[in-house]
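In: Based on what follows, work out the 3D shape:
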Amino acid sequence: MRNRDDGTIEQGIAICVVVILAIALGWVLRDKGFYFRVEQRPTVEQQK
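Out: Now for the predicted structure:
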C-alpha cells in the first residue's frame, strides 16, 4: 500500500510540475512573442 500511495503522490507531483512548467513556458513565449511582434512592426515600417 505504501508503494502505491508513494507512486500516486509522485505522479501527482510530476503532473503538477509539468502543468506549472507548461503554464510558465506559455506565459514566457506569449510575452516574448508579443514583445518581438511589437518591436518588429515599427522596424519594418521604418525600413519601408
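
In: what ranges do the helices span in the chain?
Out: 2-47 (DSSP state H).

In: residue ranges with poor pLDDT in it?
Out: The chain contains residues with pLDDT under 70 at 1-6, 33-48.

In: Repeat the analysis, applying 80 as the threshold.
Out: Low-confidence segments of the chain (pLDDT under 80): 1-7, 30-48.

In: measure residue 22 to residue 29 for me?
Out: 10 Å (CB to CB, to the nearest Å). Every C-beta, even on glycine, is put in place using the N, C-alpha and C of the backbone.

In: before we move on, what about residue 9?
Out: 30 Å.

In: swap in residue 10?
Out: For residue 10, the distance to residue 29 (CB to CB) stands at 28 Å.

In: cool, and residue 8?
Out: When residue 8 is compared with residue 29 (using CB to CB), they lie 31 Å apart.

In: cool, and residue 15?
Out: With CB to CB as the criterion, residue 15 and residue 29 are 21 Å apart.
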